[in-house]
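Colleague: Got a predicted structure here, sequence first:
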Amino acid sequence: MESLTNDPNKLSRLIALGCVNAIGAIALLITPGLLSAMVTELGFSNQHAGYVISAELWGWALAALPAVSWVRRVHWHRTLYASLTVLIIVNLFSAALSSPVPLAAIRFIGGFTGGSILAISTAAIYLTTRPDRSFAIFFAVQLLIASI
């Protein structure tokens with residue numbers, strides 16, 4: 001049984017899950033800026049920049065398929081921490097890359113990790129005693145972050 005410190009029913013935990021979920025989905029919000037930066041700063045063609053973004057979004061989308069089978073069987077908080085760590089490492093590593101093919105490969109991993117974060121944080125909402133209330137708070141936090 002999980003300790004009370006990892007109780008998803010706490011308001012602070014719901015707010016944190018909403019923030020983490022927004023981090024997982026940040027690729028959608030900053031895609032136009034990333035495309036522009038790859039073309040202007042890295043000298044990628046529009047096509048190469050599009051491939052890099054597509055690779056990340058494919059990873060993000062494909063993460064949902066295996067998550068259906070494993071997300072309910074893991075310790076959500078430990079897996080979430082590990083996924084966030086991987087996402088940080090992937091982002092730091094991709095900041096050092098300036099070639100489209102390796103960048104697309106590492107961004108696919110980042111997308112897959114981000115998609116996993118979305119699956120884990122969303123599944124944690126349904127572990128609460130009042131999932132409807134929890135989802136409302138979760139969604140409100142996401143909208144607030146997206147607005148900022």
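Modeller: Ah, there it is.

Colleague: so after the longest helix seen in the chain, what's the next helix or strand?
Modeller: Identified as the longest helix of the chain according to DSSP state H is helix 100-125. The helix or strand immediately downstream of helix 100-125 is helix 131-147, counting by DSSP states H and E.

Colleague: Who are the packing partners of that following helix?
Modeller: On a contact count with 3 or more CB pairs under 8 Å, 6 or more residues apart in numbering; DSSP states H and E, helix 131-147 meets helix 11-24, helix 100-125. For glycine as for every other residue, the C-beta is placed from the backbone atoms N, C-alpha and C.

Colleague: of all the ones you listed, which lies closest to Arg78?
Modeller: Nearest to Arg78, of all the helices and strands packed on helix 131-147, is helix 100-125, at 10.0 Å by CB to CB.

Colleague: Now do that closest one against helix 11-24, angle only.
Modeller: Here helix 100-125 runs at an angle of 160 degrees relative to helix 11-24 (axes from the mean of the first three to the mean of the last three CA atoms, to 10 degrees).

Colleague: buried stuff in helix 100-125?
Modeller: Neighbour-count burial for helix 100-125, counted by 16 or more other CB atoms under 10 Å, picks out 100, 103-104, 106-125.

Colleague: swap in stretch 124-134?
Modeller: Ala124, Ile125, Thr128, Ser134.
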